[in-house]
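S.K.: Predicted model and sequence below, questions to follow.
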Amino acid sequence: MPNIKVIIPAYNEAESIPLVIKDIPSIVDEVIVVSNNSTDNTEINAKNAGATVLVEKQKGYGYACLKGMEYIAEQKNKPDIVVFLDGDYSDYPEELTKIVEPILEDNIDFVVGARVKELREDGSMTKPQIFGNWLATSLMRIFFRSTFTDLGPFRAIKYDKLLGLKMEDKTYGWTVEMQLKALKQKLSYKEIPVNYRNRIGVSKVSGTIKGAIFAGIKILTWIFKYSFK
């Protein structure tokens, strides 16, 4: 059996995090919740649900993901696959088996869970999110002949390929950076349609005007940086 670890960045997700952890399939060896300076009971609830809990004081999605990767790098037994999953219960954690299947069965390097319209609950993605995804993936198609249709946070990647990407974004550009670098390094990739529902609580990115603007700027910056590199 492959060694699979899950990294979940979480900022004030006390209500949702136990539900996320509970629904993760048993094929996963370790669930790592990275509390991104949470001020509620996220850390306590995650630990009680059986997760390894880390704390990253620097706020930012990328900071939290990198913290999880640093923890894995210090372990003696490295994973075969790392899965990234949000802590707001908008994704369906039980679909993790679908996400990792192309890696296990077809030796694909990188898999993204695509939040396709027919599987999305009404209101689960804001208009800025939908437009941002369309714009980013359209530009990737133009510049890199990519077939990506989404920047979905639910994703799996071979651990050695993840290390090879040398991820660096600390905030909103984490997902698009990973996809751009996968394209530049010619990793094999695949999208798997996944269900998506309204999150528990308010989004820290798309739920605020400031967050949506900064996320959009960061995504476009990464795309144009790699397009003319």
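M.R.: Yep, that arrived. Numbering: from 1, shown residues only.

S.K.: Who is the nearest residue to Tyr189 once chain neighbours are set aside paired with across the strands?
M.R.: Counting by Cβ to Cβ, 6 or more residues apart in numbering, Tyr189 lies nearest to Phe110, which is 4.3 Å off, once chain neighbours are set aside. Glycine gets a C-beta too; all of them are placed from N, C-alpha and C. For Phe110, the residues forming beta bridges with it (DSSP bridges) are Ile157, Tyr189.

S.K.: Tell me which residues of stretch 17-28 come out buried.
M.R.: Ile17, Pro18, Leu19, Val20, Ile21, Ile24, Val28 (16 or more other Cβ atoms under 10 Å).

S.K.: Look up how far Ala51 lies from Gln75.
M.R.: Gln75 is 15 Å from Ala51, where distance means Cβ to Cβ, to the nearest Å.

S.K.: Among these two, which residue is more densely surrounded?
M.R.: A direct count of neighbours by other Cβ atoms under 10 Å for Gln75 and Ala51 places Ala51 higher, at 24 against 11.

S.K.: Touching, the more buried one and Val33? I think so.
M.R.: Yes - using Cβ atoms under 8 Å, Ala51 makes contact with Val33 at a distance of 4.4 Å.

S.K.: what's the closest non-adjacent residue to Val31?
M.R.: Using Cβ to Cβ, 6+ apart, the nearest residue to Val31 is Ala51, at 4.3 Å.

S.K.: correction: Leu119
M.R.: In space, Leu119 comes closest to Asn195 once its chain neighbours are excluded; the distance is 4.7 Å by Cβ to Cβ, 6+ apart.
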